[in-house]
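A.B. asks: need a structure here:
(chains A and B)
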Amino acid sequence: MKHRLQLEPIIAIGIVLIIGSLTMLLAGVSPIDGFSALLFGAFGGRSEIGETLVQTTALLFPALGICLAFRSGLFNIGAEGQLIMGGLFAGALGANFNAPPIIAISAMLVAGMLGGGIWGAIAGWMKARFGASEVIATLMLNFVAGFVALALVNGPWKSPLASGAETAPLLPVAFLPSLLPGTRLSIAPLLAIGLAVVIFIVLQKTVFGFDLRAMGDAPEAARRSGVNIARLSIIALGLSGACAGLGGATIVGGMLHRFNTALSPGYGFTAIAVALVGELNPFWICVAALGFGALESGGLAMQASAQVPKDAIHVIEGAIILVLAARRYIVTKRTAAV
Amino acid sequence: MTLALLIGVVWLTFVKATPMIYAALGGTLSERSGVINIGLEGMMTAGAFSAAVATYYTGQPLFGLLIGIIGGAIVGWLLGFLATRFKVDQIVAGTGLNILCLGGAAYGLMLLFNQPGASPQVHSMGENYRYLVWLAPVAAVGMQWFLSATPWGLRIRACGENPKAVAAAGLNPLALRVMAVTMSGAFAGFAGAFLSVGELNLYSDGMTAGRGFIALAAIIFGRWNPLGAFAACLLFGLLQALQIQLQGHISWLPTDVFEALPYVAALIALVGAAGRKAAPVADGVPY
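C.D. replies: The predicted model follows:
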């Protein structure tokens, strides 16, 4: 098996490239121009690389959370709402909590994890207590999170100075330090990589992680071996949400420096693709996040320089998910045949 | 005065429920055949977009409606094909289709009209959209009859309960599932077209606003029965109607809280429906 040339990834990449090329041809742009504009826009210089890493990080946090949930057999489609709630909590705390930077930043990040974690745990509780489908619960909670955030930033938490719907700015002590001066890049990517390491260790090296994976792979066996499925579901979805919430906090603390509803253009949904492309493995998810981050940041450049609408990248992302879902079957079938 | 208000709320309830009813009827068909249809939202988007485009170029909203049905059906077929031929995880594939359809429609807006966010206004059905509202209860009764009293309905239900038995009876459960999911897409496409050329007169990004997902909650709350889903959709429609009618009158509650009501109601319905084992046994299980 090990020596066999793995054709499936190549076929999968080929299909995705063909779909990408077709979308560009539809816009009357040669795929070579389109893809080179995309690549240059993503990696062409210091500010481009900085922006790619910003997008990478924003995708990485929710993708790691989704990885944790999926490995536990729980479909968390609610990373978007968890990200928003995390950003909201972080923004509220960061604007009011004056302390030395290290404490203020830590508190803000914890607030973000708490916000996202509560939002994830609600879905977990609904599943554990009432047997509700976590898929639909997390989907609905995305919308509720959006409206809760809107109600707060239009109402009680609205900044008296701002014209739009946003909270008061963070106190400067809560700003995340910059990593690449002159770009929007904060130290958030380092935190994200740290989180990836933590999740890898928890999943692979701890009893708790083993229980999570057992619940995902063989829930009945896990239950009979004494795992409290109900409790673990709540914890798993809570932790999953906390990862996304932490991501929301780093966007607020690193870039926006306040909470507003432009926090996420759908990172929580794209992150599902990132987690699946990364085969639900924290290391490969980091790699996949870089790829998708490049798509997100290069897509804007591609729109400006090659006249391909940036929405093309969402078509490509959707295609990637479908191709991957199908590829898994091809792989299993071939492995089974050997 | 109060009677007029009451009639207004009832009518608005039906109008708001209509797209969810069509989507939920399609979703019920798909789930009864054994395929979970998270892609309803994307199929509605495909229907809404293609209907608006077809109407823009022909000026015929009825033709647009037809194209919307076909657009939704194509996406439905794709899910059915992936779910049977490749045995994909249906939730993952449905999520992928949702992203693909939303992105594709946004992309199409740029290509065709070179404007982001929304299409130009099209020649909508005007007042005639009310026929589609009246058609919704008829469709619900029809679907209930189809599933419970016709041979094809029985075959589709059998696919969702025990596909092996269907195969043993000499039928092809995979083909039946593809057919059911394609029909499901057609219904969702019709629901989307109702939004873009019926109730409104354009396509705009995100106009389905989670109605496909609420329809999924309605299916569960309605215990996978078309009439049950219909009733659940009316409940969600009532909340949307109340939201529209009341938000001007109750000033101490922010608008955004009202707008969250249908989604919160769907969550509560999800909890309320739980514990009652009514789902088709093989729902979501590839054959």
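
A.B. asks: and residue 149, how many neighbours?
C.D. replies: Because you didn't say which chain, this covers chain A. Residue A:149 sits with 24 neighbouring residues when counted by other CB atoms under 10 Å in any protein chain shown. All C-beta atoms are positioned from the backbone trio N, CA, C, and that covers glycine.

A.B. asks: sorry, I should have been clearer: chain B.
C.D. replies: Other residues lying near residue B:149 total 9 when counted by other CB under 10 Å.

A.B. asks: quick check, residue A:159 in contact with residue A:167.
C.D. replies: Yes. The pair formed by residue A:159 and residue A:167 meets the contact definition of CB atoms under 8 Å, at 5.7 Å.

A.B. asks: shared neighbours of the two, which are they?
C.D. replies: Overlap of the contact sets of residue A:159 and residue A:167 (by CB atoms under 8 Å, 6 or more residues apart in numbering or on different chains) consists of residue A:258.

A.B. asks: of these two, which one has the most company?
C.D. replies: Between residue A:159 and residue A:167, counting by other CB under 10 Å, residue A:167 is the more crowded of the two (26 against 17).

A.B. asks: quick check: residues of the stretch 51-200 of chain B near chain A?
C.D. replies: When proximity is defined as CB under 8 Å from any CB of the partner chain, the stretch 51-200 of chain B approaches chain A at B:78, B:82, B:86-89, B:91-93, B:95-104, B:106-107, B:109-111, B:116.

A.B. asks: show me just the buried residues among these.
C.D. replies: Buried by 16 or more other CB atoms under 10 Å in any protein chain shown: B:78, B:82, B:86-89, B:91-93, B:95-104, B:106-107, B:109-110, out of those.

A.B. asks: in stretch B:44-58, which of the residues would be classed as buried?
C.D. replies: Neighbour count says stretch B:44-58 has B:44-56 buried, by 16+ other CB under 10 Å.

A.B. asks: could I get those residues as a markdown table with distance to residue B:253?
C.D. replies: Formatted as a markdown table, the entries for the buried residues of stretch B:44-58 read as follows, by distance: CB to CB, whole Å:
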| residue | distance to residue B:253 |
| --- | --- |
| B:44 | 29 |
| B:45 | 30 |
| B:46 | 35 |
| B:47 | 34 |
| B:48 | 30 |
| B:49 | 34 |
| B:50 | 38 |
| B:51 | 35 |
| B:52 | 34 |
| B:53 | 39 |
| B:54 | 40 |
| B:55 | 37 |
| B:56 | 39 |
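
A.B. asks: so which of those residues belong to helices?
C.D. replies: In helices, defined here by DSSP state H, the members of those are B:44-56.

A.B. asks: could you pull out the helices for chain B?
C.D. replies: Per DSSP H, chain B carries helices over the ranges B:2-32, B:40-58, B:61-85, B:90-113, B:129-149, B:151-161, B:163-168, B:173-193, B:211-221, B:226-246, B:255-273.

A.B. asks: now the first one and helix B:129-149, what's the angle there?
C.D. replies: Think helix B:2-32. Orientation check (axes from the mean of the first three to the mean of the last three CA atoms, to 10 degrees): helix B:2-32 against helix B:129-149 gives 40 degrees.

A.B. asks: near chain A at all, helix B:2-32?
C.D. replies: No. Counting by CB under 8 Å from any CB, no contacts exist between helix B:2-32 and chain A, the nearest distance being 11.2 Å.

A.B. asks: which stretches of the stretch 201-338 of chain A have low pLDDT?
C.D. replies: Across the stretch 201-338 of chain A, residues meeting the criterion (pLDDT under 70) sit at A:328-338.

A.B. asks: which parts of it are helices?
C.D. replies: Secondary structure of the stretch 201-338 of chain A, counting by DSSP state H, counting those that start in this stretch: helices at A:207-217, A:219-224, A:229-251, A:267-277, A:282-306, A:312-337.

A.B. asks: those helices: which one's closest to chain B?
C.D. replies: With CB to the nearest CB as the criterion, chain B lies closest to helix A:312-337 of the helices of the stretch 201-338 of chain A, at 2.5 Å.

A.B. asks: any idea how far chain B is from residue A:55?
C.D. replies: As for residue A:55, its distance to chain B is 16 Å (criterion: CB to the nearest CB, to the nearest Å).

A.B. asks: residue of the stretch 151-300 of chain A closest to chain B, please.
C.D. replies: Evaluated by CB to the nearest CB, the stretch 151-300 of chain A has residue A:151 as its residue closest to chain B, separated by 3.7 Å.

A.B. asks: and the nearest residue to residue A:174 once chain neighbours are set aside, how many neighbours?
C.D. replies: Spatial nearest neighbour of residue A:174, excluding adjacent residues (CB to CB, 6 or more residues apart in numbering or on different chains): residue A:94 at 3.7 Å. Burial of residue A:94 is recorded as 30 neighbouring residues (other CB under 10 Å).
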